[in-house]
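Q: A predicted structure for the sequence below; I have some questions about it.
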Amino acid sequence: QVQLVESGGGLVQAGGSLRLSCAASGRTFSAYAMGWFRQAPGKEREFVASISWTGARTYYADSVKDRFTISRDNAKNTLYLQMNSLKPEDTAVYYCSARPGVAGTRLYEYDYWGQGTQVTVSS
């Protein structure tokens with residue numbers, strides 16, 4: 001089992017930045033690929049970014065490429081999502097997720113989920 005707790009969400013103006021964190025506990029964090037997903041009101045949960053267990057490989061949704069950066073610190077058991085140039089359409093609940101093996105981009109590939117953190121971008 002892996003327990004995931006997100007933090008760092010909040011209200012920000014368009015063009016601003018936020019950094020989300022996801023603290024992991026339980027099994028060895030470094031053995032898991034990690035991902036960020038988001039869900040806006042009335043929409044399905046969607047892929048944002050993912051990272052391999054070493055951090056060497058990263059993947060991004062086209063909508064966030066060049067604005068968001070996913071990273072991890074295995075010594076601190078923490079996953080990050082640096083979000084820059086935020087847009088109102090980035091408003092959503094952001095979820096941290098984990099899976100053993102390679103990093104994926106699909107919802108069903110992930111076994112463990114956090115409770116989510118709200119990000120609201122005002123225009």
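A: It's in. Since the structure is predicted, the reported quantities are computational estimates derived from the model, not experimental observations.
Q: Strands of the protein, residue ranges please.
A: Per DSSP state E, the chain carries strands over the ranges 2-7, 10-13, 18-26, 32-39, 46-51, 58-60, 68-73, 78-83, 92-100, 112-113, 117-122.
Q: Pairing partners for the shortest one, with directions?
A: The pairing partners recorded for strand 112-113 under DSSP bridges are strand 92-100 (antiparallel).
Q: What residues of the partner strand count as buried?
A: Ala92, Val93, Tyr94, Tyr95, Cys96, Ser97, Ala98, Arg99 (16 or more other CB atoms under 10 Å). Any C-beta I mention is one placed from the backbone N, CA and C, and that applies to glycine too.
Q: Now do the same for the closest residue to Ser7 other than its chain neighbours: its pLDDT.
A: Among residues not flanking Ser7 along the chain, Ser21 sits closest, at 5.1 Å (CB to CB, 6 or more residues apart in numbering). Predicted confidence (pLDDT) for Ser21: 98.
Q: what's the answer for Ser52, then?
A: 96.
Q: Same question for Tyr59.
A: So, for Tyr59, pLDDT stands at 98.
Q: contacting residues around it?
A: Residues in contact with Tyr59 (CB atoms under 8 Å, 6 or more residues apart in numbering) are Ala49, Ser50, Ile51, Ala103, Thr105.
Q: One more: Val64?
A: With CB under 8 Å, 6+ apart, Val64 has these contacts: Val48, Ala49, Met83, Asp90.
Q: Skipping adjacent residues, who's closest to Arg27 in space?
A: Val2 (5.4 Å).
Q: Just the terminal-to-terminal distance for stretch 108-123.
A: With CA to CA, to the nearest Å as the measure, the ends of stretch 108-123 fall 33 Å from one another.
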